[in-house]
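Visitor: just coords:
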Ligand SMILES: O=P(O)(O)OC[C@H]1O[C@@H](O)[C@H](O)[C@@H](O)[C@@H]1O
Ligand SMILES: [Mg+2]
């Protein structure tokens, strides 16, 4: 029997808004510049992974990991980020994915806490553009943590700052690395996306519009 539920902790990119697509487009453009084209399937491995770790994975894919100095790698990452920042410039509350606002409202109505766990250095900007920054009790981003996903640190930090036990939290993620992070933290994991890449989640929805508060809580209580 699970502990009484205390909080939901959400990933941002690809869960609350479609910014995961913008990360993909910006990495893909950089990859093409470097002669390292990649597929959406490979992109699954970048989801939830920090900026520099993503760059390393792309360079390894292209066999180019030894071709750049650290300084050059920093400017490649900066170039990708500049492109990404242009793409997210026009984000508004209308870009909150379907199903998210009713879910957040239900969580609030039930008196539960709400946390965000995003390894993005742009998380505050995106949350502000979406008009959601003040809706969350805690936002944990890249600035607060030492280790990115799949390490559990980010979800554990969010639970600690919310003042709740990890085992009384539900984490929501679209990335395999994120699901690993949630499970490593000892939380119940809801995956949004393909069952194939999110196999370790406790409950999977193909997209956010299908998220059901009642079903999630029922499954949490049965776990
Ligand atoms: O480059 P940023 O904005 O700091 O984001 C870091 C990572 O943030 C995660 O939320 C995304 O899923 C990754 O794709 C991204 O690389
Ligand atoms: Mg994500």
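Guide: Happy to help now that I have it. Model, not experiment: these values are computed from the prediction. Numbering: from 1, shown residues only. Ligands and ions are numbered 1, 2, ... in the order given.

Visitor: any part of the lengthiest helix in the chain near ligand 1?
Guide: Ranked by residue count under DSSP state H, the longest helix found in the chain is helix 70-87. Yes: Helix 70-87 is in contact with ligand 1 by C-beta under 6 Å from any ligand atom, via residue 81. In this view, the C-beta of every residue, glycine as well, is placed from N, C-alpha and C.

Visitor: got the domain boundaries for this protein?
Guide: Domain assignment of the chain by automatic domain parsing yields the ranges 7-17+95-222, 20-87.

Visitor: show me where this protein has strands.
Guide: 7-10, 113-117, 138-140, 169-173, 188-192, 203-205 (DSSP state E).

Visitor: how much space between residue 71 and residue 97?
Guide: 37 Å (C-beta to C-beta, to the nearest Å).

Visitor: wait, residue 44
Guide: Going from residue 44 to residue 97 by C-beta to C-beta gives 18 Å.

Visitor: do the same with residue 201
Guide: As judged by C-beta to C-beta, residue 201 and residue 97 stand 17 Å apart.

Visitor: quick one, which of those two is more surrounded?
Guide: A direct count of neighbours by other C-beta atoms under 10 Å for residue 201 and residue 97 places residue 201 higher, at 25 against 18.

Visitor: can you pull the contacts of that one?
Guide: Each residue near residue 201 by C-beta atoms under 8 Å, 6 or more residues apart in numbering is listed here: 173, 179, 182, 189, 190, 191.

Visitor: just the pLDDT for it.
Guide: pLDDT recorded at residue 201 is 98.

Visitor: identify the bridge partners of the nearest residue to it once chain neighbours are set aside.
Guide: When the adjacent residues along the chain are set aside, residue 201 lies closest to residue 191, with 3.1 Å between them (C-beta to C-beta, 6 or more residues apart in numbering). Note on residue 191: beta-bridge partners residue 173, residue 204, judged by DSSP bridges.

Visitor: from ligand 2, how far off is residue 191?
Guide: 11 Å (C-beta to the ion, to the nearest Å).

Visitor: pretty sure that residue sits against residue 198.
Guide: Yes: using C-beta atoms under 8 Å, residue 191 is in contact with residue 198, at 3.3 Å.

Visitor: contact residues of the protein facing ligand 1?
Guide: 12-13, 20, 23, 46-51, 54, 81, 118-122, 142, 175.

Visitor: the same query, at a cut-off of 8 Å, please.
Guide: 11-14, 19-20, 23-24, 27, 46-51, 53-54, 77, 80-81, 84, 118-123, 142, 148-149, 174-175, 178 (C-beta under 8 Å from any ligand atom).

Visitor: going by neighbour count, which of those are buried?
Guide: Buried members of the residues of the chain next to ligand 1, counted by 16 or more other C-beta atoms under 10 Å: 11-14, 19-20, 23-24, 27, 46-51, 54, 77, 80-81, 84, 118-120, 122-123, 148-149, 174-175, 178.

Visitor: for the domains of the chain, which one ends up most surrounded?
Guide: domain 7-17+95-222 (a mean of 20; mean count of other C-beta atoms under 10 Å).

Visitor: can I get the contacts of residue 201 in TSV with pLDDT and distance to residue 209?
Guide: Listed next are the contacts of residue 201 as TSV, based on pLDDT from 0 to 100; distance: C-beta to C-beta, whole Å:
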residue	pLDDT	distance to residue 209
173	98	17
179	98	20
182	98	21
189	98	19
190	98	14
191	98	15
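
Visitor: I'd like the distance between the closest residue to residue 12 other than its chain neighbours and residue 166.
Guide: Excluding the flanking residues, the one nearest residue 12 by C-beta to C-beta, 6+ apart is residue 118, at 3.9 Å. Distance of residue 118 to residue 166, computed by C-beta to C-beta: 18 Å.
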